[in-house]
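1. Here is my input, please return the structure:
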Amino acid sequence: MKGEQVYILGGYQTDFARNWSRENKHIVAMMREAYQGSIEATEIEPGDIDAAFIGNFAGELYCMQGHLGAFFVDFDRRFVGLPTCRFEAACAASAVAALSAMAYIQAGIYDLVCLIGIEQMKTVDAVKGGEFLGTAAWYEKEAAGIEFSFPKLFGKLGDEYDKRYGLDDKYLARIAVINYDNAKNNPNAQTRNWFMNFEHASTVGKYNTIIGGRIKVTDCSQITDGAVCLYLASEEFAAKYAKRRQLKLDQIPRVLGWGHRTAPIEFAKKIADSAKDEYVLPVTRQAIVDTLSRAGLADCWDLDVIETHDCFTTSEYMAIDHFGLTKPGESWKAIEQGVIEMGGKLPINPSGGLIGCGHPVGGTGARQLLDAYKQVTETAGDYQIPGAKRVGTLNLGGTATTNVCFIVGR
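-> Numbers count the residues shown, from 1 in each chain. As a prediction, the model looks like this:
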């Protein structure tokens, strides 16, 4: 994907602690709030929007509603006739929507694309929701008839690390605690008022049961209702926008690099394919390498922040060495040395990540991009990393099947 620069103009995130079903509100009410909030936050003129791209995983399952892009035209009378489209790639749905928006912009087709990532998940109980999530894997082989299949699959990721390199679960507990602690500083985080400490995250008991294999409740991301709306723009539009807001163009963040790789959908096949590789998930590693290369960066140490896909503590443990903070199999060193904490050499998930902030499946990729924008523009509030200039993101669909990365900077 070559061509002109693509800029991010900001946006809006709903409060991930809300339960929209209890409020008797349809998924489209959440989408509408995200859109209206984004217009207020960015002062974008609705008439300037050329298209709307929606990232969503399973609206048909959770809400009995597909064709979500069509609802966007109801938000403003000027939108009738506007091109809209819905994208699906499991938990990476809004990340692939962002990639598509970039392609349209770089092709010169659109100058301004509204990107929405959304999921309403609290419409069903945990068991039924777990069944729905199983469709992000190979359902018949990996999820049918298996309660909470995804925790079990990501538990196997930890088992593979243990087999190859050794893995002490105290490091997984520490990842959970860090993300919960970071979430306390995020006013939109689902767990911002929840209790968590290392003893609780380390202990199996009534309030921290085993979900599958080595995965306990505290190792899991949240079941979340949430939406994020943001704007991707061409350089020409971004320059006009900057002038209107009395900014310089270089004050507006842009996408410096991106990566997109897809591995076999079956987890066992991924592991078999990587048997002779030093990385447990080499396709994920390649997406990260592609992104750094496209951004012209030598390695992860040219980043100031990482927002990664901690759907489970094991996936963040994987991300640490796959980003290159340590050698393969040595992620524990970065945890033990405090590298990934607020104030560390390379903080991971200052937002709280999926474990702390929440994981509305189709909305997570967009949320990561919005948090990257906030860090680079120093508008992240109490979870701001001082002086952040470049933020890397990793968004996974399924069991690291779809891998999408971005680097956002100024």
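2. If you count neighbours, what's buried in stretch 210-230?
-> Within stretch 210-230, the residues that count as buried by 16 or more other CB atoms under 10 Å are 211-230. C-beta coordinates here come from the backbone N, C-alpha and C atoms, glycine included.
3. Show me where the stretch 201-350 of the chain has its strands.
-> In the stretch 201-350 of the chain, strands defined by DSSP state E, counting those that start in this stretch lie at 210-212, 215-216, 226-234, 254-262, 305-307, listed in chain order.
4. Need the mean per-residue confidence for the last one.
-> Pointing back at strand 305-307 there. For strand 305-307, mean pLDDT is 98.
5. Now Q286: closest residue in space, sequence neighbours ignored.
-> R261 (5.3 Å; CB to CB, 6 or more residues apart in numbering).
6. Please read the previous query as pertaining to N19.
-> Going by CB to CB, 6+ apart, N19 has K122 as its nearest residue, at 4.9 Å.
7. Any figure for the gap between that neighbour and P151?
-> Note on K122: its distance to P151, by CB to CB, to the nearest Å, is 18 Å.
8. Tell me which of these two has more neighbours.
-> Set K122 next to P151 and count neighbours by other CB atoms under 10 Å: P151 wins out with 25 against 18.
9. Could you list every helix and strand in contact with whichever strand or helix holds the more buried one?
-> Element membership for P151 (DSSP states H and E) is helix 149-164. For helix 149-164, the packing partners by 3 or more CB pairs under 8 Å, 6 or more residues apart in numbering; DSSP states H and E come out as helix 126-133, strand 210-212, strand 215-216, helix 267-273, helix 313-323.
10. Let me have the ones you listed in JSON lines, extended by distance to V6 and mean pLDDT.
-> Shown next, in JSON lines, are those (distance: least, CB to CB, whole Å; pLDDT from 0 to 100):
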{"stretch": "helix 126-133", "distance to V6": "31", "mean pLDDT": "95"}
{"stretch": "strand 210-212", "distance to V6": "39", "mean pLDDT": "91"}
{"stretch": "strand 215-216", "distance to V6": "37", "mean pLDDT": "96"}
{"stretch": "helix 267-273", "distance to V6": "30", "mean pLDDT": "97"}
{"stretch": "helix 313-323", "distance to V6": "22", "mean pLDDT": "98"}
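11. hey, which of those is tucked in deepest?
-> helix 313-323 (a mean of 27; mean count of other CB atoms under 10 Å).
12. Quick one: distance of that helix to the chain centre.
-> Centroid displacement of helix 313-323 relative to its chain, using CA atoms, centre = their mean, to the nearest Å, is 14 Å.
13. For it, name the packing helices and strands.
-> helix 149-164, helix 169-183, helix 282-294, helix 331-336, helix 353-356, strand 390-397.
14. From the rest of the structure, what touches the first one?
-> In other words, helix 149-164. Applying CB atoms under 8 Å, 6 or more residues apart in numbering, the external contacts of helix 149-164 come out as 130-131, 133-134, 136-137, 142-143, 146, 167, 169, 172, 211-215, 219-220, 267, 271, 280-281, 311-315, 317-318, 329, 399-400.
15. repeat for the third one
-> Applying CB under 8 Å, 6+ apart, the contact partners of helix 282-294 are 256-263, 270, 273-274, 279, 298-300, 302, 318-319, 322-324, 392, 394, 396, 400, 403-407.
16. Mind doing that once more with 6 Å?
-> Contacts to helix 282-294, defined as CB atoms under 6 Å, 6 or more residues apart in numbering, come from residues 257-259, 261, 263, 274, 279, 322-323, 400, 403, 405, 407.
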